[in-house]
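Student: Next comes the sequence, and after it the predicted model I'd like to discuss.
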Amino acid sequence: MPRPIAIVLLFVAACCAPAQNTAIFDNPKRPFMTARRPMALALIGDRYHSPTYIREGLAKALVAENIPVTFIENVAELNASSLGAHQLLIILRDGMNWPGGYDKDPVKWMTDAQQQAVWEFVTRGGGVLALHNSQGLYPPGGLYYKMFGGDYGGHPKPYVFTVRVENKRHPITAGVEDFRIFDEQHTVKYYLDDEHLLLRTIASDNLAAAGGWWRELGTGRFCYLSPGHTPEALNHPMMQRLIRNAVNWVLKQN
């Protein structure tokens with residue numbers, strides 16, 4: 001008799017004991033219970049940012065959320081037709097192309113038609129996640145920056161700085177703690193209010209800038225996160241969590 005009781009008590013104790021490190025585990029049911037998954041289109045890669053590390057960093061986060069993604073490097077493929085087949089747009093690349101070579105002046109590649117397509121995509125219900133230099137050097141005064149609520153402000157050379165969570169109550173920052181990364185600190189121009197600010201980046205000399213924000217446009221959603229220049233930053237566990245949270249939020253899945 002004592003042996004079965006001990007076994008039962010052991011079983012009950014094992015079942016009732018709190019799980020260890022539960023914060024790092026996800027409920028697998030939510031993203032894997034249906035084949036009807038949102039489709040992502042990711043425009044990546046430019047002169048200063050290799051598409052290889054971007055693809056690897058984004059794919060890891062998207063696979064964890066069971067979101068199929070198509071990566072494109074040809075900017076001409078960003079158009080109303082391609083957006084029409086997707087529910088999520090991710091951009092990690094700047095607004096410059098160098099058709100004459102890197103010893104010549106760059107040109108801004110995004111056309112008015114492309115700006116209109118992106119604007120209509122988000123205002124009609126699509127989700128947009130913009131990362132790192134996706135606010136950099138696009139045509140001024142157009143619909144793209146109207147969507148952003150911010151603008152390019154330059155950056156120092158890469159160094160270690162802190163990413164501080166300013167809004168701990170928003171779904172995008174759920175489970176995210178302040179973290180330090182080696183990256184390019186973009187000193188973006190931020191035009192929205194404190195309510196929409198998610199993150200702030202702070203250097204050791206106290207240089208600070210908006211590091212992430214959210215907004216709703218029409219029936220769609222937009223999020224910007226500034227880290228992403230280095231593989232270390234893009235693959236940091238907190239950055240991976242931010243990306244995963246952000247895609248779910250802009251897709252209205254949390």
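Tutor: Arrived safely. Numbers count the residues shown, from 1 in each chain.

Student: Report whether R30 is found in a helix, as I expect.
Tutor: Yes. Assignment of R30 by DSSP: H, G, I helix; E, B strand; the rest coil places it within a helix.

Student: Need the per-residue pLDDT for it.
Tutor: We have a pLDDT of 75 for R30.

Student: now it, nearest residue through space, not along the chain?
Tutor: Q253 (7.9 Å; Cβ to Cβ, 6 or more residues apart in numbering). Quick note: C-beta positions are derived from backbone N, CA and C, even for glycine.

Student: neighbours around the one you found, how many?
Tutor: 14 (other Cβ atoms under 10 Å).

Student: Pull out the buried residues from the biggest strand by length in the chain.
Tutor: Across the chain, the longest stretch assigned as strand under DSSP state E is strand 208-217. For strand 208-217, the neighbour count (16 or more other Cβ atoms under 10 Å) marks A209, A210, G211, G212, W213, W214, R215, L217 as buried.

Student: Sketch out the low-pLDDT regions of the stretch 51-200 of the chain for me.
Tutor: Of all residues in the stretch 51-200 of the chain, none has pLDDT under 70.

Student: could you pull out the strands for it?
Tutor: Taking DSSP state E, counting those that start in this stretch to define them, one finds strands in the stretch 51-200 of the chain at 69-72, 88-92, 96-97, 107-108, 127-131, 150-151, 159-165, 179-183, 189-190, 197-202.

Student: what's the closest of the ones you listed to P231?
Tutor: Judged by Cβ to Cβ, the one of these that comes nearest to P231 is strand 179-183, at 10.0 Å.

Student: mind listing what's buried in the closest one?
Tutor: So for strand 179-183, counting by 16+ other Cβ under 10 Å, buried means F179, I181, D183.

Student: got it, and stretch 233-241?
Tutor: A233, L234, H236, M238, M239, Q240, R241.

Student: got it, and stretch 183-195?
Tutor: D183, E184, Q185, H186, T187, V188, K189, Y190.

Student: Ok, stretch 64-80 next?
Tutor: For stretch 64-80, a neighbour-count test (16+ other Cβ under 10 Å) marks E65, I67, V69, F71, I72, V75, L78 as buried.

Student: how many neighbours does the closest residue to R93 other than its chain neighbours have?
Tutor: Nearest residue to R93, sequence neighbours excluded (Cβ to Cβ, 6+ apart): D46, at 4.3 Å. As a burial measure, D46 scores 24 neighbours (other Cβ under 10 Å).

Student: Roughly how far does D46 sit from W98?
Tutor: 9 Å (Cβ to Cβ, to the nearest Å).

Student: Next: A209.
Tutor: Note on A209: its distance to W98, by Cβ to Cβ, is 27 Å.
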